[in-house]
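# from the sequence below, what's the structure:
(2 chains)
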Amino acid sequence: MSNIKYILGSFGDPDEMMHGIEKLQENNIKIHDVYTPMPIHGIEAKLGIKRSRLDIAAFFFGITGTITMLTGVYLATVVDWPINIGGKTHFALPDFIPITFELTILFCAFGLVGSYYASTHLFPGRAPRVMDLRASNDRFIIAVDAKENTDHTKIDELLKGAGALEVKHNERKYISYE
Amino acid sequence: MSGHNESILREPLITGKDITYAKITDDILMPVENKPNRAWWIGFIVSLCGASLWVFAVSYTFWFGIGAWGLNKTVGWAWDITGFVWWVGIGHAGTLISAVLLLFRQNWRNSINRSAEAMTIFAVICAATYVVSHMGRPWLAYWVLPLPNQFGSLWVNFNSPLVWDMFAISTYFSVSLLFWYTGLLPDIATIRDRAVGMRKKVYTVLSFGWNGNVKTWQRFETVSLILAGISTPLVLSVHTIVSMDFATSVIPGWHTTIFPPYFVAGAIFSGFAMVLTLLLVARKVLGLENYITMFHIESMNKIIILTGSIVGVAYLTEFFIAWYSGSEYEQYAFINRATGPYWWAYWMMMTCNVISPQLLWFKKIRTSIAATWILSIVVNIGMWFERFVIIVTSLHRDYLPSSWAMFTPTWVDVSVFVGSIGLFFTLFLLFLRVLPSIAIAEVKLLLKSASEQSKMELIKDGHLDKEQVAEYIESLDKFDSVKQEEYAKI
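Below you'll find the model as predicted:
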């Protein structure tokens, strides 16, 4: 049994990489993940990545902001310290629309980005889990788990056939770990 | 996207031959990965002197109080708020480019959004310093926040536009920062993967562990789209609320319903002008002519002429409505603006904002780098005068002629303003050194569909309509980064 953990197909062109994904999938070879220097549209459908629910989260974060502001202003201007300004109503709603809007956006943005960072495990100082250093530059990397898919020569051939410039057999999962 | 060809009629967004993904990375990271050249050092030292002046002038104000400024009993708001509104206005282009143009699928935003957003953030920092220094007791700046307190739980006045403004500016700043930084993550990862030693460590921390896998990218695009969706009304709300600082008062000349749209148009106008001022120099010094092309410059000029004309119409409407209102005070405020002791400021504003931008109707001028650069500075000067006119000339002759006064700035006023420009450029130049000035990943998206070389391939294939090809080649005339001889051969 070899020590190879991952087989990486390194492509120089996104279309060829898409072709490589198709080739592997036709042969029932499971793809671990794909690393690209830019977003590739249509790839998530191929790899069965589910639709993001961040939009739903964003909506509820926004609504929380709206409610927080309206409640806060109500407590301040009606309950805690009502001020009589020319006999006008204490809870002057039109005046509070701008700030309510701002807080809606603020909560929505921070909630959304926070959920995004949490769901994709992004935070300052996290050790980058990089399989190929050129994946952030000019290479489109398909990673196949070598332990699950044992016919390595076939994988190599498929990747090469699809146009991979290079096929790597990595003995370590993440080369970025020192 | 990859795999589909863009219409040949669309002008290329990336010019040059033999552009590869690797070349894009190398070109854009050139200033980050190499020692700065002499032009950068000269710019940086001059800016740093400005920034030091700013530190000194602001410290002087903190120490001696607002009395150091040229304000008097009649003109209680002048130079300081002029600078504030000017900077906030400039801070509008970045988020407009990144948000509104994203919603409209304007792909040319991809190569200018990063630096425009950085500019936004720095401009808002400059604006915020004016607010703090005008407070008189800046150590009590937190009083503008609705915090529970020891004064009988006294709250801020939620009915006041100044409080709304605090909410608007701080939301705008933090959301812009978030948008900018999230967009930076993939590019910081690119720097990280190419760096060694200490640099690698620093960029590793900053990159948040980005690895560019499918799920991260897919979520990234969702987040960008939603942030764009919520930032679009946010941008419009910020200058609307800034305008309400004036419009909700009862001062003749300020109390007008046209202010919100007119301020927003003016903000976009000045913001794009500042983007051009900076990018025309940056593209030359950093050698980014292939990514920030003549098409980008012309597009921005078109936005400038649109918003400049909206501002022009607003000036005329204001004047008309002042007459039409039949209100004597309102009429006097406007007559005084144009013919009173500050007539020169008014006509400076009119010339710089309304008349000279009309030159951009000429294609020769809007595709000339020198003319565009000069006009962009003229617009910035004009927009400063606009705020000065609105603020000072509306205040200096109030209802009681015995209290009429003139405003003269002191050296502290001038130094705070000049210094803030220095601060802005210092921050911008540092940004150019440590972070990619163009969104690398987003530009790579355009390579296969919207670049000059991909279109050249299409032409060589020869399946295109001859007339359209001729039109396309003609449109390349204005590009300074395209060699026409290449096309003559085909």
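
# and the residue nearest the centre of chain A?
A:Thr120 (5.2 Å; CA atoms, centre = their mean).

# where does it land on pLDDT?
For A:Thr120, the pLDDT comes out at 90.

# quick check: the gap between it and chain B.
Between A:Thr120 and chain B the computed distance is 5 Å (CB to the nearest CB, to the nearest Å). For the C-beta atoms, the positions are set from N, CA and C on the backbone; glycine is no exception.

# what backbone torsions are found at that residue?
Main-chain torsions, A:Thr120, degrees, to the nearest 10: phi -110, psi 10.

# once you drop chain neighbours, what's closest to B:Gly266?
Nearest non-adjacent residue to B:Gly266, counting by CB to CB, 6 or more residues apart in numbering or on different chains: B:Val311, 5.0 Å away.

# from chain A, how far off is that neighbour?
23 Å.

# near that residue, how many other residues are there?
25 (other CB atoms under 10 Å in any protein chain shown).

# which SSE is it in?
helix B:294-325 (DSSP states H and E).

# wait, doesn't B:Ile258 sit right on B:Phe319?
No. Counting by CB atoms under 8 Å, B:Ile258 does not reach B:Phe319; the two are 10.9 Å apart.

# picking that back up, and the residue nearest to B:Gly266, what does it touch?
By CB atoms under 8 Å, 6 or more residues apart in numbering or on different chains, the residues touching B:Val311 are B:Tyr262, B:Ala265, B:Gly266, B:Phe269, B:Asn353, B:Val354, B:Glu386.

# what sits against A:Phe60?
A:Gly111.

# report the angle between the following helix or strand past the helix holding B:Val311 and helix B:294-325.
Where DSSP H and E defines the elements, the next helix or strand beyond helix B:294-325 is helix B:328-339. What separates the directions of helix B:328-339 and helix B:294-325 is an angle of 140 degrees, with axes from the mean of the first three to the mean of the last three CA atoms, to 10 degrees.

# any idea how far helix B:328-339 is from the middle of the chain?
Relative to the mean C-alpha coordinate of its chain, helix B:328-339 is positioned 31 Å out (CA atoms, centre = their mean, to the nearest Å).

# which secondary structure elements does it contact?
helix B:294-325, helix B:343-350 (3 or more CB pairs under 8 Å, 6 or more residues apart in numbering or on different chains; DSSP states H and E).

# mind running it again at 7 Å?
helix B:294-325 (3 or more CB pairs under 7 Å, 6 or more residues apart in numbering or on different chains; DSSP states H and E).

# next, the buried residues of the helix it packs on.
B:294-301, B:303-312, B:314-315, B:318, B:322 (16 or more other CB atoms under 10 Å in any protein chain shown).

# ok, whichever residue of chain A sits closest to chain B - contacts?
As assessed by CB to the nearest CB, chain B sits closest to A:Arg126 within chain A, at 3.1 Å. Counting by CB atoms under 7 Å, 6 or more residues apart in numbering or on different chains, A:Arg126 touches B:Phe208, B:Gly209.

# how about B:Asp18, nearest residue that isn't a chain neighbour?
In space, B:Asp18 is closest to B:Gln453, 7.3 Å off (CB to CB, 6+ apart).

# SS state for the one you found?
When classified by DSSP: H, G, I helix; E, B strand; the rest coil, B:Gln453 comes out as helix.

# ok, it touching B:Leu13?
No. Taking contacts as CB atoms under 7 Å, B:Gln453 lies outside contact range of B:Leu13: 11.7 Å.

# now the helix ranked longest in chain A: how far from the chain's centre is it?
Secondary structure of chain A per DSSP state H: the longest helix is helix A:93-119. Offset of helix A:93-119 from its chain centre (CA atoms, centre = their mean): 20 Å.

# could you do stretch B:272-280 as well?
So, by CA atoms, centre = their mean, the centroid of stretch B:272-280 is 8 Å from its chain's centroid.

# quick one: contacts of it?
Taking contacts as CB under 7 Å, 6+ apart, the residues outside stretch B:272-280 that touch it are B:90, B:93, B:112, B:115-116, B:119, B:292, B:297, B:300, B:303-304, B:369, B:372-373, B:376-377, B:379-380, B:428.

# what residue ranges in the chain score low on pLDDT?
Went with chain A since none was named. For chain A, applying pLDDT under 70 flags the ranges A:1, A:176-178.

# wrong one, chain B
B:1-4, B:152-153, B:490.

# give me the residue from it nearest chain A.
Relative to chain A, the nearest point of chain B is B:Gly209 (3.1 Å; CB to the nearest CB).

# what about that residue, neighbour count?
By the measure other CB under 10 Å, the count of residues near B:Gly209 is 23.

# one more: the one 5 residues further on?
B:Val214 has 21 neighbouring residues, counting by other CB under 10 Å.

# quick one, what contacts it?
Counted by CB under 7 Å, 6+ apart, B:Val214 has contacts A:Asp33, A:Val34, A:Ile43, A:Glu44, A:Leu47, A:Ile49.

# farthest-apart pair in those, please.
The largest separation in the contacts of B:Val214, counting by CB to CB, is between A:Asp33 and A:Glu44 at 11.6 Å.

# those residues of the stretch 51-200 of chain B touching chain A, which are they?
Within reach of chain A by CB under 7 Å from any CB of the partner chain, the stretch 51-200 of chain B has these residues: B:146, B:153-155, B:158-159, B:164, B:167-168, B:171, B:174-175, B:178, B:182, B:185-186, B:189-190, B:192-194.

# in chain A, which spans are strands?
A:6-11, A:33-35, A:140-145, A:166-170 (DSSP state E).

# distance from the chain centre to the second one, please.
Meaning strand A:33-35. Counting by CA atoms, centre = their mean, strand A:33-35 comes out at 12 Å from the chain centroid.

# check stretch B:68-78 too.
That offset, for stretch B:68-78, works out to 28 Å (CA atoms, centre = their mean).

# what residues of the longest helix of chain A count as buried?
A:95-96, A:98-113, A:115-117.

# nearest residue to residue 116 in space, please, no chain neighbours.
All of this is about chain A. Per CB to CB, 6+ apart, closest to A:Tyr116 is B:Val223, 4.8 Å.

# was after chain B, sorry
Counting by CB to CB, 6+ apart, the residue nearest B:Ala116 is B:Gly94, at 4.1 Å.

# I'm done for today, thanks for sticking with me.
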